[in-house]
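[1] Below is the sequence, then the predicted model.
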Amino acid sequence: MATISTHLRNFKEPTRDQLTQLFFSLPVDPQIEGPPGASANEKSGSSSSVQGAAGGGDMERMEISATLSLGVSGVEEPYPGKLYLIPPYLAFTSLDRKSVRFTIPLCTVRRVERLNARAGIYALSLLLWHNMKIVVQLTSLRPNADLFCALLRDSLKVELQRGQMKLVKPFSKTSFSEILLATASEDEKEAAAAREEDLRATETMYTGGLGLKFKFPGDARKLREASKTKLWTTYLKTHGRHLTLLRYPQCTRLVQVGLPNRLRGEMWETLSGSIYLRFSCPGDYERILEANTGRTSTSTEEIEKDLHRSLPEYSAYQSEEGINALRRVLQAYSFKNPETGYCQAMNIIAAAILIYMSEEQAFWLLEVICDRLLPGYYRFINSMPMVFAFRIIDCFFCMGPKVLFQVALAILKINGEQLLQIQDDGGFIHLMREYFASLGDSAHPNSSDPRARAITRFQELLLVSFREFAVITDETILSERRKFRSEVVHSIESFSKRSAIRNLKTLERFTKDQAGLVYDALFKAICIEPPPDVAQPPPSLLTTKDTAEERPETRIGLKTFRVFLSEIATWARSEKIVMNGFQDIVSGLNGVMFNDLMENIEWFFNLHDNNKDGYLTRGEILTLSESLLFIFKHEIGDAYLGAVSRFMSNAFEYGDALLPDNEQPQPQPQEENDESGEPTTPSIETNQPYMNLATFRMVVLADEILESFFETDFSSTFKLEPVPMMELPNSNSGLLGGLWSTITSDDSKKMFHKISDEVGKSFGKHSAVYRPAIGKFTHLEEPKARESLLTPTMRRTASRTSLNASNSSPDNSAYLTPATSFATDPSTHSSPSQIATDSLSAASLASSEFSPMPSMFEAAAHAAVMMERTPFAIDDAKDDDEDSDLDDSEDGDEDVMDEVDAFLEAHDTGLTEAERELAKDLINASPVK
């Protein structure tokens, strides 16, 4: 069974609304067409959880300029930025988009009041769930501020009607931070009495990860757990927690220093945004498992194979409790996301996060990692000791995927000298293992400064990563992904092709190469004419107890099959077949680009001799003249126009003179004369032989301009120059993307240029200059007078008679019409050179085939999977019963990361002193009554 997916080719750049949602880690809103690059199946197959997450998706959104102040004086500086109302969420980011950020569900807002401030100041006070106050000064125009407040009021009413505010209290009891802060204030008698009942309920509801029972990796004393817990307790008291966390610069610094083991799971889901999915979709995890009880599939079989390979050195995964928890999380994800199912190395991620999180928390975090943060790539954990890998993951969830690139580049720089000495892959793997095993050692063991000796190699790695490679931003990564996306897509499609061929039950009488060609034709047909989406049958119809459920095989309809058949059967093709191949084009150009004078004259003659009888008719002479006029249309002056005029007169004059006597045009009787008194001539057939090659050559050579043209100028008009790289089609989507694509189309550009030309003409500033094809004449010259080629004995009729006879012929309208068209719109007709160019383009298009490009990504990925994880002694779980006995002054991580304080200094708020004073005054301002 083969599942052929083309969704990678249907990728579209995220819209502005999607980028905003990604930045604030918000759940997917179905009204914004799913996550960037999501296929139709993924959008239509979204579960009720996604719809529930959207909540207020039908409410109007708005953003406004604002200045944020914390409701406690002297704790944080005010920061200007943008305030976003994205129902059911309220979000804020500072102007630099990295100093301050928060995403708050509207259901956690208890009260909103407008502050009584000085004239012209519009400020709001928001009281959040944890009695934390924030002040927002709306710095936009008054009408915009009024509109924002009205929309905020309406959104809060909707949340109240939905009953979401009642869910905050039970949800908050599942977070460890509630226990942490309740315990920290137990010495306060009033607080202890008020919290005693809630604390008992919280302790019964809070469920942590496997580390609570099987111990957390590393030595708690060496990791300074008590110091980190104290620092985080102080921060969470004033800056909110879980759903109401405000991320100030100090939050990022504390994450870089390290998260306490017991708080790590909660902070991971808060920083990544998976907490909003868990809050808006209560009970979904259990319902998915219950609905798919006993169901087996290809994904579940692969999961069973990898369960015992998941961090086997950790004691929890040497027991049934840990294995069962891991199995349930992985199976639930595969059931919810059948398009992705299960991929190798997902087990490593799930096993790692289950140490610090409950199963439900791990399930939603895995959803965010695989669908948003690292789609399609899941290895980055099992290379270094777990205690250090988890520190990297802390920064990853806080600062985004750029952390992985910064750390990787820092590793290469630190080990640069040793890497230059490596001769093979084995040496590289050995060097990396040695380096990772020594991350806990001193980076400067021989230094005389004790503070320098205290810096570990891991802390050195973090400093190099975040200081020297701070230039690696999210925009840099997106730009590089766009650049190499084609190679990655081809690599994935090539791997899918090999897998589909390998999984065939039988090749019949085909070879593997022939089966690959059949796959290519089918894949191309699916891309051209996608098959209709087929609803997946219920699980009960797909499975039995004895057989495993296979992935649904791709089925195609009649339209897709018709395209496929036209790829492999010549009789099924209805399109025109281009006869000019590349060899034909080369041979054709050879016959004109390297000719001499006589060869060019003969080539031009044969080009217009339609029936190839060795003669040009009167109509063909007119067509030949129009071709010359088309080539000369942009030349300066009238010299070339005069040359063509002389050519036509000489051609008809000499041609008439050479006609036999019985074919000479005779004047009509006087009574048939026209009104001007000029005698009319009888109609002469335009398709009868009129001029042979010798006569044509003589007429051309009689004019020095045409002689020069056929000798050198005509061949020089063919220029072989490098063709610039063609731009890929714009992948922007959404209203603005589609509008821009429409505006920048070729037809729109032509219309814009035409309008701008007319506007320029009306102002007298218009100047349009066309590049000449030949450019021999640089100034205006009067055309020379024509001299007759006939001797006195040859002159029988005036050339004007032949011209009039030709013009009066009904058949000549077919030849005269193109000349008029050339004069009005040359772009609608093709010269001989354009015909060759069009044939070349058509031949290139017809000869292009679909062929996936092989890549080394797959080999590298398999090599990473096959690498056996090195057991590191520092990962051994230690008892942390002595945490309370640790001296809080021995906060080694805080001392070592002193240089990270520069991170705080770099975040200038951008406010003037007067604006800072105003923000401080608003903190203590009273509400408007």
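    Structure's in. What do you need?
[2] Ser315 and Pro217 touch, don't they?
    No. Counting by Cβ atoms under 8 Å, Ser315 sits too far from Pro217 to count as a contact (10.1 Å). From N, CA and C alone the C-beta is placed, and that goes for glycine too.
[3] These two: which has the busier surroundings?
    Taking other Cβ atoms under 10 Å, Ser315 and Pro217 do not tie; Pro217 has more neighbours (26 against 15).
[4] Check the gap between that one and Leu311 for me.
    Remark: distance between Pro217 and Leu311 (Cβ to Cβ, to the nearest Å) = 9 Å.
[5] repeat for Arg916
    Arg916 is 49 Å from Leu311, by Cβ to Cβ.
[6] Pass me the low-pLDDT residue ranges in the stretch 451-600 of the chain, would you?
    In the predicted model of the stretch 451-600 of the chain, residues 533-553, 574-584 satisfy pLDDT under 70.
[7] show me where it has helices.
    Shown for the stretch 451-600 of the chain, the helices assigned by DSSP state H, counting those that start in this stretch span residues 457-463, 474-502, 512-528, 539-542, 558-568, 582-593, 597-608.
[8] hey, which of those helices is tucked in deepest?
    By mean neighbour count, with neighbours taken as mean count of other Cβ atoms under 10 Å, helix 457-463 ranks first of the helices of the stretch 451-600 of the chain at a mean of 21.
[9] can you count the residues close to Val387?
    Neighbours of Val387 under the rule other Cβ under 10 Å: 22.
[10] quick revisit: Gly208 is nearest to which of the helices of the stretch 451-600 of the chain?
    Proximity to Gly208 (Cβ to Cβ) singles out helix 457-463 among the helices of the stretch 451-600 of the chain, at 25.1 Å.
[11] Can you give me the distance of the residue lying closest to Cys395 once chain neighbours are set aside to Glu468?
    Using Cβ to Cβ, 6 or more residues apart in numbering and skipping residues adjacent in sequence, the residue nearest Cys395 is Val403, 4.7 Å away. Separation of Val403 from Glu468 (Cβ to Cβ) stands at 14 Å.
[12] what about Trp268, how many neighbours?
    By other Cβ under 10 Å, 26 other residues sit near Trp268.
[13] Quick one: end-to-end distance for stretch 341-358.
    Using Cα to Cα, to the nearest Å, the end-to-end distance of stretch 341-358 comes out at 21 Å.
[14] before we move on, back to that, can you put the helices of the stretch 451-600 of the chain in a markdown table and add distance to Leu289?
    Formatted as a markdown table, the helices of the stretch 451-600 of the chain follow (distance: least, Cβ to Cβ, whole Å):
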| stretch | distance to Leu289 |
| --- | --- |
| helix 457-463 | 38 |
| helix 474-502 | 29 |
| helix 512-528 | 34 |
| helix 539-542 | 12 |
| helix 558-568 | 36 |
| helix 582-593 | 60 |
| helix 597-608 | 77 |
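[15] To Phe632, which of these lies closest?
    Per Cβ to Cβ, nearest to Phe632 of the helices of the stretch 451-600 of the chain: helix 597-608, 13.6 Å.
[16] got a list of contacts for the following helix or strand past that closest one?
    Next helix or strand after helix 597-608 toward the C-terminus (DSSP states H and E): strand 615-616. Here strand 615-616 makes contact (Cβ atoms under 8 Å, 6 or more residues apart in numbering) with Phe605, His608, Asp609, Leu624, Pro689, Tyr690, Met691, Asn692, Phe696.
[17] wait, what's in contact with the first one?
    Contacts were defined as Cβ under 8 Å, 6+ apart; by that measure Phe605 touches Leu616, Leu693, Phe696, Arg697.
[18] Also Asn692?
    Gly614, Tyr615, Leu616.
[19] which residues in the stretch 1-150 of the chain form strands?
    For the stretch 1-150 of the chain, the strands defined by DSSP state E, counting those that start in this stretch cover 62-70, 79-86, 89-94, 101-105, 109-114, 122-128, 133-138.
[20] With mean neighbour count as extra columns, can I get those in TSV?
    Converted to TSV, the strands of the stretch 1-150 of the chain look like this (neighbours: other Cβ atoms under 10 Å):
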stretch	mean neighbour count
strand 62-70	21
strand 79-86	22
strand 89-94	22
strand 101-105	23
strand 109-114	16
strand 122-128	21
strand 133-138	22
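[21] Mind checking those for the one nearest to Leu243?
    Among the strands of the stretch 1-150 of the chain, the nearest to Leu243 by Cβ to Cβ is strand 101-105 (5.7 Å).
[22] what are the pairing partners of that closest one, and which direction each?
    Strand 101-105 has the following sheet partners, assigned by DSSP bridges: strand 89-94 (antiparallel), strand 246-247 (antiparallel).
[23] Can you get me a residue count around the nearest residue in space to Ser172 that is not next to it in sequence?
    Nearest in space to Ser172, with sequence neighbours left out and distances taken as Cβ to Cβ, 6+ apart, is Glu178 at 5.7 Å. Residues lying near Glu178 (other Cβ under 10 Å) number 23.
[24] isn't Glu178 right next to Arg241, touching?
    Yes. Taking Cβ under 8 Å as the definition, Glu178 is a contact partner of Arg241 at 7.4 Å.
[25] any shared contact partners between Pro217 and Leu311?
    Shared contacts of Pro217 and Leu311, defined by Cβ under 8 Å, 6+ apart, are found at Met386.
[26] Lovely, talk soon.
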